[in-house]
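Trainee: I need the structure of the sequence given here:
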Amino acid sequence: MLDLIILSIHFFICILISIAIWRGPKEVDLHSSSAETAETGPDGLICIGKEENIKKAGRITAKINGREIVVFYHEGKFHALDSRCYHEGGPLCRGDIEDINGQACIVCPWHKFKITLETGEGLYEGINPLEPSPTPQWQSKGVKQRIHKVTIDKGNVYVCPPDMSVSFDSDYFAEKYKIGGELAMKK
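Mentor: Purely as a prediction, here's the structure:
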């Protein structure tokens with residue numbers, strides 16, 4: 001009888017955990033700004049926040065024409081990228097920044113894909129099987145993640161709207177979550 005009670009409690013706890021995972025955490029970003037409410041700066045640039053506030057926060061998300069981007073302040077430089085990873089749409093704003101061969105990279109929290117902050121290149125560790133004793137080395141997959149030009153003017157941080165004449169792998173998820181941004185939190 002005790003075994004039945006323990007099994008029932010265990011089953012109930014498993015159901016509660018499954019529901020909690022299925023619902024997922026709710027993303028709240030108090031630092032977000034929106035292109036609809038943000039001021040337009042010089043040359044059509046969009047102001048996403050105060051330089052000092054972004055430096056303190058280290059990263060913020062913002063919307064540019066409905067497209068969510070993430071802006072990082074890392075080692076004295078600002079970097080802006082689409083906020084969803086090119087691979088499966090993971091939230092890059094939750095990723096860690098790592099140094100890989102002298103390049104600052106954001107690591108997607110979902111599948112650990114590495115993306116350079118400077119260029120948007122996807123990096124992977126691979127070997128050359130033709131070498132006598134192959135050792136893994138970091139290599140580029142090419143530019144996969146759309147980056148956005150950042151400009152600082154009079155204490156404000158501005159981002160250039162994306163040039164859509166060129167496409168990147170991250171565009172798919174940027175468009176998908178433009179329609180329903182909280183979808184990524186349910187994975």
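Trainee: average pLDDT for the helix or strand where residue 9 lies?
Mentor: Taking DSSP states H and E as the definition, residue 9 sits inside helix 2-23. Throughout helix 2-23, pLDDT has a mean value of 69.
Trainee: Name the next helix or strand downstream of that helix, please.
Mentor: strand 46-50.
Trainee: how about the helix or strand just after that following strand as PDB, C-alpha atoms only?
Mentor: As assigned by DSSP H and E, the chain's next helix or strand after strand 46-50 is helix 51-57. The C-alpha trace of helix 51-57 is given here as PDB (Å, rounded to 0.1, in the frame of the first residue of the first chain):
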ATOM      1  CA  GLU A  51      24.700  54.600 -23.700                       C
ATOM      2  CA  GLU A  52      25.300  54.600 -19.900                       C
ATOM      3  CA  ASN A  53      22.200  52.400 -19.200                       C
ATOM      4  CA  ILE A  54      23.200  49.800 -21.800                       C
ATOM      5  CA  LYS A  55      26.800  49.800 -20.500                       C
ATOM      6  CA  LYS A  56      25.400  49.100 -17.000                       C
ATOM      7  CA  ALA A  57      23.000  46.300 -18.200                       C
END
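Trainee: List the contacts of helix 51-57.
Mentor: 31, 48, 60, 71, 73, 78, 152, 155, 156, 157 (CB atoms under 8 Å, 6 or more residues apart in numbering). To be clear about C-beta, it is placed using only N, CA and C from the backbone, and glycine gets the same treatment.
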